[in-house]
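[1] Sequence and predicted structure, then a few things I'm wondering about:
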Amino acid sequence: MTESGQAQKYMKIRLHSLPPVQAIPFDLFVQIGGRRVHYLRAGDKLKAEKIVNFEKKAPEAFYILSADRSRYQNFVRESLVSDTLDTKQKALILRESTMVLVEELFERPDIEVALHDARQVVEDFVAFMESDASAMANLIGLSSHDFYTYNHSLDVSIYSLGLGQAVGFRHADLKELGLGGLFHDIGKRHVPIEIICKNGALTDAEWLQMQKHPQFGLMILNEHNSSENIKACAFEHHESFLGNGYPQKLSAQEIHAMARVVSVADTYDALTTKRSYNEPMMPLDAIALMSGKLAGRYDPEVLRALVEIFQRLKNAA
Ligand SMILES: [Fe+2]
Ligand SMILES: [Fe+2]
């Protein structure tokens with residue numbers, strides 16, 4: 001079978017998206033020397049020690065048959081309501097199971113399936129948040145501080161949900177907001193990877209290219225019939241409350257309410273995440289900068305919510 005045939009037959013999943021206590025209802029494979037090899041038969045349990053051993057050998061992923069995709073998704077969903085797992089374990093499963101989907105959003109030529117599955121995933125995030133008061137703190141605790149567009153997208157989605165809940169968005173709007181956060185940078189699919197991963201400051205020409213990602217995002221989401229809310233998050237998340245953002249130089253209430261939330265989540269994540277050319281800021285330093293020198297750029301209500309959330313997390317810790 002060709003490599004692309006292999007890629008279609010198998011789907012990558014992350015190690016920690018599987019709870020180590022239950023029988024796994026699908027076959028698991030690993031990749032050895034370019035070939036997928038059977039690792040576990042459906043019905044067997046994945047022992048915690050096995051995962052630890054496996055991790056030491058470095059592969060970050062298992063593979064399942066693409067035909068088992070919905071079986072895997074249902075299994076993850078059932079874990080989220082299991083009595084035997086605590087909130088922290090559930091947060092990890094939810095996050096890790098979503099990472100592969102976000103990778104697909106940025107790397108697969110065809111994003112139809114990933115766009116479709118994202119709806120269910122965000123629904124799962126919202127349900128998890130609403131069912132458990134400590135869910136958001138656990139999800140935020142797992143935020144990764146490595147800057148890959150897909151980690152960033154997931155973290156922006158999670159922060160947007162936390163902020164959205166704090167400023168009073170209702171259930172249906174939270175789902176839209178979570179998707180808006182997840183897709184906000186989807187236009188980066190059309191920006192050359194050398195620019196996205198450049199080690200150092202961008203030239204003027206590269207910067208102009210980079211600044212096109214909101215338009216590209218709008219274009220992609222238009223092609224896939226996304227809602228106006230989700231499109232606004234992609235198109236308007238670099239607008240500034242002061243009117244000096246891009247691409248439209250909208251100001252204050254002209255900016256879509258959800259894009260104003262994503263904008264705060266986006267900056268916070270960018271500041272606290274390591275990039276090739278700078279060290280991450282500590283959360284409280286990032287918040288001080290955003291509510292000090294940069295304050296004029298953001299919706300004051302959303303900014304207040306950000307300060308409160310982290311104050312609460314700090315007190316809880
Ligand atoms: Fe962006
Ligand atoms: Fe972003």
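    Arrived safely. Ligands and ions are numbered 1, 2, ... in the order given.

[2] List the buried residues of stretch 116-127.
    117-118, 121-127 (16 or more other C-beta atoms under 10 Å). Glycine gets a C-beta too; all of them are placed from N, C-alpha and C.

[3] and if you look at stretch 189-207?
    So stretch 189-207, judged by 16+ other C-beta under 10 Å, has buried residues 189, 191, 195-196, 198, 206.

[4] Likewise for stretch 285-301?
    For stretch 285-301, using 16+ other C-beta under 10 Å, the buried residues are 286-287, 290, 297-299.

[5] And it, how far out from the chain middle?
    Its chain's C-alpha centre and that of stretch 285-301 lie 23 Å apart, by C-alpha atoms, centre = their mean, to the nearest Å.

[6] swap in stretch 71-84?
    With C-alpha atoms, centre = their mean, you get 19 Å for stretch 71-84.

[7] List of residues touching it?
    11, 13, 17-19, 21-22, 24-26, 64, 85, 90, 93-94, 97, 117, 120, 124, 127-128, 131 (C-beta atoms under 8 Å, 6 or more residues apart in numbering).

[8] mind running it again at 10 Å?
    11, 13, 17-19, 21-26, 28, 42, 64-66, 68, 85, 89-91, 93-94, 96-98, 100-101, 117, 120-121, 123-125, 127-128, 131-132, 135 (C-beta atoms under 10 Å, 6 or more residues apart in numbering).

[9] which of the residues you listed count as buried?
    11, 13, 17-19, 24, 26, 28, 64-65, 68, 85, 89-91, 93-94, 96-98, 100-101, 117, 121, 123-125, 127-128, 132, 135.

[10] Mind checking which of those are in strands?
    Assignment to strands by DSSP state E places the following of those there: 11, 13, 28, 64-65.

[11] Let me know the closest of these to Asp266.
    Ile13 (27.4 Å; C-beta to C-beta).

[12] Give me the mean pLDDT for stretch 273-287.
    Stretch 273-287 shows a mean pLDDT of 83.

[13] Now for the residue in the stretch 201-317 of the chain that ligand 2 sits nearest to, how many residues are close by?
    The nearest approach of the stretch 201-317 of the chain to ligand 2 comes at Asp266, 4.2 Å away (C-beta to the ion). Residues within reach of Asp266, counting by other C-beta atoms under 10 Å, total 23.

[14] Can you report phi and psi for it?
    Reported as degrees, to the nearest 10, the phi and psi values for Asp266 are phi -60, psi -50.

[15] where does it land on pLDDT?
    On the pLDDT scale, Asp266 gets 97.

[16] That one: what's it in contact with?
    152-153, 155-156, 159-160, 181, 184-185, 233, 237-238, 259.

[17] near ligand 2, which of the residues you listed show up?
    Residues of the contacts of Asp266 in contact with ligand 2 (C-beta under 5 Å from the ion): Asp185.
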